[in-house]
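> I would like to see how this sequence folds:
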Amino acid sequence: MKENVGIVILLLVTTIVYSIVLLSIKSNTRNGEAAEEEPALSEDTVSYDMAALRLHEEDIPIPTQAYYFTTAPVSSSERPAVSTDGMVAGTYRAVDRIEKPKPEELTPPPEPVNLVIDLDYNSDVDDTAALRIAAMLDRMGRVHLLAAMASTGGEKVCKAMHSQLSYDGYGGVPIGMAAKNVPGGSPYWDDLINHYFSAGDYRVSNSVELYKQILREMDRREKEKEQERKRYKELFELKDEELPEELKAVEKIRIVTTGYLVNVEALIKDPEGNSLMSRYVDSVWVTGGIYLQGDDHNFVCTKDCAQAARYVLAHCPVTLIFSSSASTDNEDGNSIFCGGSILALDKNGTDPVAMAYRDYGKANNVAMFGGRNAWDPFCLWAATLPQEETNTRLEAVYLMIAESGYNRFSYQDPPNTQIIRRNSNELGWYSSQLELLINAGLR
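Residues are numbered from 1 along each chain as shown. Model prediction:
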């Protein structure tokens, strides 16, 4: 009897111990699962959704708090004041935590635009902001910056452009010298050259020849793709319309001009250039034209400039899109300002864009703390990103350019071109988008 009681007691003790161990294991397991579901929030685990800009942490400093960058216009009460130097890096909204989007919610980014930027880079300082934005969009994978052309005569402007590109890590981008000797000068050329010119990777050639060199390479690749199409159709017995989209697509470039149209005019007049342009340029975007009418500097600067503007408008073999440089109803880059915050951020005085803005302000006795009109940066930005990101639209319009360069936009005649129009009057939002890109190059 005593033996049976002992056995019962032993079994009870064993059961109790086993239950305690089992409960402990389950508790630890639940704690581990909870840890996996709710990881500690730190800089390394925060997901940064930079929306259209897709900034990389290794390239550009991001605040330690979780942020997202808004790509929709903010209300007037939220937008930063453009007239102060306090706007640092765009329009941010802080949130406690950002949920990682589900795979099915992610939209693949559009293919990068093959970009050639054509600048006067002398009559004002906004060209430096446009060139900075082009470099930053390339860094972010939104464009492929193939070349930078100068529409102002002389080699010094080419060296100044190369100097800025060198600072931003794009010293290998080839530079095109103006097809015509449009006179020019700038208070910031010497400063940029003295600080950042690098002869080792400086490549300069005539702009028309550089344009054709780029387009010939496009033609070479297209001929290779044509052979691939032929083999694919024979192998799978397909018609042209049944080919995969990547084989049907023809690679093209986009030209954005922020200055005089002398280089584009010369390319159109060149027989080979015209033929290549008609096949491998998708569009030419032009900063120029007073909306609705007036004398725009890029059109009236010299007789050559006026002639070039008239000729390009009449004979361009591809789509032309204009961004008016001033207007009667504020539908242009003239009403938007940028560049002010880079002046405040550049504490060491070493950023070339900030340097150029300071030099321009001193030479022209202009206060630059609020930035400068965003004629060129706005056109470049709107030309290279999807319209849903830039909150812009294109409007068909008739454009007339007189022999003097005087222009008039009209809706009474059949349209012969298009013009960029903003969808919102929230100017601070547009400014903040440009400021963020300009500031992205700050070291």
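> going by C-alpha atoms from here, please, whenever you check contacts or count neighbours.
Noted.
> and the longest strand for the chain?
Ordering each strand of the chain by length in residues (DSSP state E) puts strand 392-401 first.
> show me how far that strand is from its chain's centre.
22 Å (C-alpha atoms, centre = their mean, to the nearest Å).
> all helices of the stretch 201-350 of the chain, in order?
Counting by DSSP state H, counting those that start in this stretch, the stretch 201-350 of the chain has helices at residues 207-236, 245-248, 262-269, 271-280, 297-300, 303-315, 340-345.
> re the thing from before, report the angle between the longest strand of the chain and helix 303-315.
Strand 392-401 and helix 303-315 are oriented at 110 degrees to each other (axes from the mean of the first three to the mean of the last three C-alpha atoms, to 10 degrees).
> and the helix or strand just after strand 392-401, C-alpha only, in PDB?
Later in the chain than strand 392-401, the nearest helix or strand by DSSP states H and E is strand 407-410. What follows is strand 407-410, C-alpha atoms only, in PDB (Å, rounded to 0.1, in the frame of the first residue of the first chain):
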ATOM      1  CA  ASN A 407       6.400  85.800 -79.400                       C
ATOM      2  CA  ARG A 408       2.700  85.300 -79.100                       C
ATOM      3  CA  PHE A 409       0.700  82.300 -77.700                       C
ATOM      4  CA  SER A 410      -2.800  81.900 -79.000                       C
END
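> list of residues touching whatever helix or strand comes next after strand 407-410?
On the C-terminal side of strand 407-410, the closest following helix or strand by DSSP H and E is strand 417-422. By C-alpha atoms under 8 Å, 6 or more residues apart in numbering, the residues outside strand 417-422 that reach it are 319-324, 331-332, 382, 391-399.
> give me that answer again for 7 Å
Applying C-alpha atoms under 7 Å, 6 or more residues apart in numbering, the contact partners of strand 417-422 are 320-323, 331-332, 391-399.
> each with direction, which strands does it pair with?
strand 319-323 (parallel), strand 392-401 (antiparallel) (DSSP bridges).
> buried residues in the first one, which are they?
In this case it means strand 319-323. Of all the residues in strand 319-323, those buried under the rule 16 or more other C-alpha atoms under 10 Å are 320-323.
> got those as TSV, with pLDDT and distance to Asn416 columns?
Formatted as TSV, these follow (pLDDT from 0 to 100; distance: C-alpha to C-alpha, whole Å):
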residue	pLDDT	distance to Asn416
Leu320	98	9
Ile321	98	10
Phe322	97	11
Ser323	96	15
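> tell me, how many residues neighbour Ala266?
Neighbours of Ala266 under the rule other C-alpha atoms under 10 Å: 20.
> how much space separates it from Ala354?
33 Å (C-alpha to C-alpha, to the nearest Å).
> which regions of the stretch 201-350 of the chain sit below the pLDDT cut-off?
Where the stretch 201-350 of the chain drops to pLDDT under 70, the residues are 328-333.
> Asn334 reaches Ala326, doesn't it?
Yes: counting by C-alpha atoms under 7 Å, Asn334 touches Ala326, with 5.2 Å between them.
> so those two - more neighbours on which side?
Ala326 (23 against 18).
> distance check, the more buried one against Gly289.
Separation of Ala326 from Gly289 (C-alpha to C-alpha) stands at 7 Å.
> now do Ser431
Ser431 is 21 Å from Gly289, by C-alpha to C-alpha.
> closest to Phe378 out of the buried residues of strand 319-323?
Set against Phe378, the nearest of the buried residues of strand 319-323 by C-alpha to C-alpha is Ser323 (8.2 Å).
> what residues are up against the nearest residue to the closest one once chain neighbours are set aside?
Nearest residue to Ser323 in three dimensions, chain neighbours excluded: Thr287, at 4.9 Å (C-alpha to C-alpha, 6 or more residues apart in numbering). Applying C-alpha under 7 Å, 6+ apart to Thr287 gives the contacts 257-259, 322-325, 375-376, 379.
> switch to 10 Å and redo it
Residues near Thr287 by C-alpha atoms under 10 Å, 6 or more residues apart in numbering: 119, 256-261, 296, 298-299, 321-325, 332-333, 375-380, 419-420.
> same question for Asp124.
Neighbours of Asp124 in contact, by C-alpha under 10 Å, 6+ apart: 185-188, 356-357, 360, 372-373, 375-376.
> read off the pLDDT value for it.
At Asp124, the predicted lDDT confidence score is 94.
> having no further points to raise, I will conclude here.
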